[in-house]
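[1] sequence first, predicted model second:
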Amino acid sequence: MKYIPASLTCLFLAAAFLAHDAWAQVSVRKRPNPGEISPLDISGFTAGADPAAALFRKTLEEDLLRSGWFAIIRSGRGEYAVTGSAEAGGADVKARCEVFDVSTRERLLGKAYSLRAVDARRLAHKVADEIVLAITGKPGIASSQIALVGAQAGKKELYLCDSDGANLRQITRDNTLNMSPKFGPGGKTLVYTTFFSRFPDVCLYDLASGRRTIVASYPGLNACGAISPSGRELALTLSKDGNPDIFIMDMASKRLTRLTDTRKYAEASPAWSPDGRRIAFVSDRGGSPQLYVMDRAGGGAERISSLGSENVDPDWGVNGYVACSTKLGGRYQISVINPETKEVSQITNDELDYEDPSWAPDGRHLVCTVRRNYRSSLFIIDMMTGVKVALLSDKQGGDWSMGDWSPE
Amino acid sequence: MFKHMYLGVAVLLACAMVSMSGCRRPPKKGTAGSGLPPGGSEADIGIYGSDLGAGALAERAVGEKIEPGIAFENVLFGYDQATLDPAERAKVDAVAEYLNANGKVGVLVSGHCDERGSSEYNMALGERRALAVRAYIVQLGIDGARVQTVSYGEELPLDQGHGEEAWSLNRRAQFEFFQQ
């Protein structure tokens, strides 16, 4: 992909802006300076010739590159070095991995791993995440998942894929509209909106068992479900009382608490803060759809969006920042808002539409929908380098949207 | 005073549309309730930024589909608006008239948006469009339990095109009738 210099500038500004605030709040043992990429020497990591070990090695290298923190080198002096091996052992693949800070010779990680050979990719993701954590102090994204919606012939179904776009699989086949998937804590459940009953209902999908339960099917609209970080509550939009408002449902008792009471306006897209104490949401109470933040107990909503003519689809990252799509000059662009100071930073700036962002668990990447020639695809943006990559290859075709990144 | 002017405009527009489409007669005033309730004003009828005021929704109940044999027109909306435009009201009057004459029939009002903007917000906006139409039907004297709403947001465009012409047709409320 080619970048317009202006957009790059914006991205680097965004990177600096993120770096000086939220990034500094997290206790980090060692990490590159913002935007800086550390040379990582992997020449000391060997892999057997068998397919599982080779796949492990290839996946590990790609994951480390995709993390955004490193330049992979095989000669010369790296800042960090990974040594170890991957080998097949019967039906398993076994890996041994050590990570060193080259200048101090300090060992940051030393572990042995084993998993069935068919899970070589999964094991590599796990090891990559541990390497990233050991060096940067931040969670990796290699083992995380992305939920997404695929559209075909007026129907929409839910899919899952790994964060590198591999392992794409369809998880609903309802021949209806299934939309807005959002992971629950731990990535073990999804909530989404389904028209299976011909009316929009909110459904809970237990990914391990495949069991699905309709949790909200009140008269009118049931949509925009989002599970709280505690896993005990569901924020959603209901119109049962005559107008779309945001409610919280206690998931055990099904008891509802109304959070907004704007008989004159519509509320949508509740997004929980990482500590579960606040909710960002969309409301048109000011004459156009904009972002507001309210206490989890409701009331006291405060507008946080100021850029462009409308701001929608908020997602509150673990870094404390709210990503959203902002309408600017007839196009939707991704921007990031500090909800405490209301400072906003525009992230994308070109002739495409960027919508519906979702933060990765590392608080560094996000996935969003890019619309080009009225077809949608998902892209991952590295907020610190500005690098944008397509999640799925063009060969996979399709019309993809509504990506949601798992919380871990 | 204003009320009557608007009604006059609505009837005139309805006549104009009927003469163009030639598919149905203009609604007769008063056949489906007396229009606005006592003390009601134009601002109360589902105008964007006003209270839809038709109360809690009835339990979902949609019986067998009915073909009324009358082509009811879609109610159109402005960009990002859930206002029931006075010029669009005659279309709803006709639906209320039909419901008034057919006591065992209910209506499902579906609200739709154009493709632009947030899919999630459009679900809420589409619902407000359907609710604005429902509020007006209720104010025309039809029992709210006979009027169900569903929002499809931007998911079911009528016109697959991508310009203002297609978008204006897609920002709509649509009617489907069912046996109660």
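    Done, it's in.
[2] quick one, what contacts A:C203?
    A:178, A:191-194, A:196, A:212-215 (C-beta atoms under 8 Å, 6 or more residues apart in numbering or on different chains). (C-beta placed from N, C-alpha, C; glycine too.)
[3] who does the host helix or strand of B:G111 pair up with?
    For B:G111, the host element (DSSP states H and E) is strand B:105-112. Using DSSP bridges, the strands paired with strand B:105-112 are strand B:147-153 (parallel), strand B:172-179 (antiparallel).
[4] re earlier: by neighbours, which of the contacts of A:C203 wins?
    A:T193 (28 neighbours; other C-beta atoms under 10 Å in any protein chain shown).
[5] what helix or strand is that residue on?
    Going by DSSP H and E, A:T193 is part of strand A:189-194.
[6] now do that strand, average pLDDT.
    Per-region confidence: strand A:189-194 scores 98 on mean pLDDT.
[7] now that strand against strand B:147-153, angle please.
    120 degrees (axes from the mean of the first three to the mean of the last three C-alpha atoms, to 10 degrees).
[8] neighbouring contacts of strand A:189-194?
    A:147, A:158, A:172, A:174, A:176-184, A:200-207, A:214-215, A:222-227, A:234, A:404, B:123.
[9] tell me the contacts of the residue nearest the centre of chain B?
    Closest to where the C-alpha atoms of chain B average out (C-alpha atoms, centre = their mean) is B:V133, at 3.5 Å. Going by C-beta under 8 Å, 6+ apart, B:V133 touches B:46, B:75, B:84, B:92, B:109, B:111, B:173.
[10] got these as a markdown table, with pLDDT and neighbour count columns?
    Output for the contacts of B:V133, formatted as a markdown table (pLDDT from 0 to 100; neighbours: other C-beta atoms under 10 Å in any protein chain shown):
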| residue | pLDDT | neighbour count |
| --- | --- | --- |
| B:G46 | 39 | 27 |
| B:V75 | 98 | 25 |
| B:L84 | 91 | 24 |
| B:V92 | 97 | 29 |
| B:V109 | 97 | 24 |
| B:G111 | 98 | 30 |
| B:A173 | 98 | 27 |
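[11] kindly reformat those as CSV containing distance to A:E130.
    Output for these, formatted as CSV (distance: C-beta to C-beta, whole Å):
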residue, distance to A:E130
B:G46, 57
B:V75, 58
B:L84, 59
B:V92, 62
B:V109, 55
B:G111, 49
B:A173, 54
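[12] which one of those residues sits closest to chain A?
    Taking C-beta to the nearest C-beta as the measure, chain A sits nearest to B:G111 out of those, at 9.0 Å.
[13] run through the bridge partners of that closest one.
    In beta-bridge terms (that is, DSSP bridges), B:G111 pairs with B:S151, B:A173.
[14] distance check, it against B:F175.
    B:G111 sits 11 Å away from B:F175, taking C-beta to C-beta, to the nearest Å as the criterion.
[15] could I get the buried residue list for stretch A:139-149?
    A:139-149 (16 or more other C-beta atoms under 10 Å in any protein chain shown).
[16] ok, the strand holding A:T193: who's next to it in the sheet?
    strand A:178-183 (antiparallel), strand A:201-206 (antiparallel).
[17] helix or strand right after the last one?
    Meaning strand A:201-206. strand A:212-216.
[18] pLDDT on that following strand, on average?
    97.
[19] hey, what's residue 106 bridged with?
    No chain was given, so I picked chain A. A:D101.
[20] switch to chain B, please.
    B:F178.
[21] got it, and A:A86?
    In beta-bridge terms (that is, DSSP bridges), A:A86 pairs with A:A47, A:A95.
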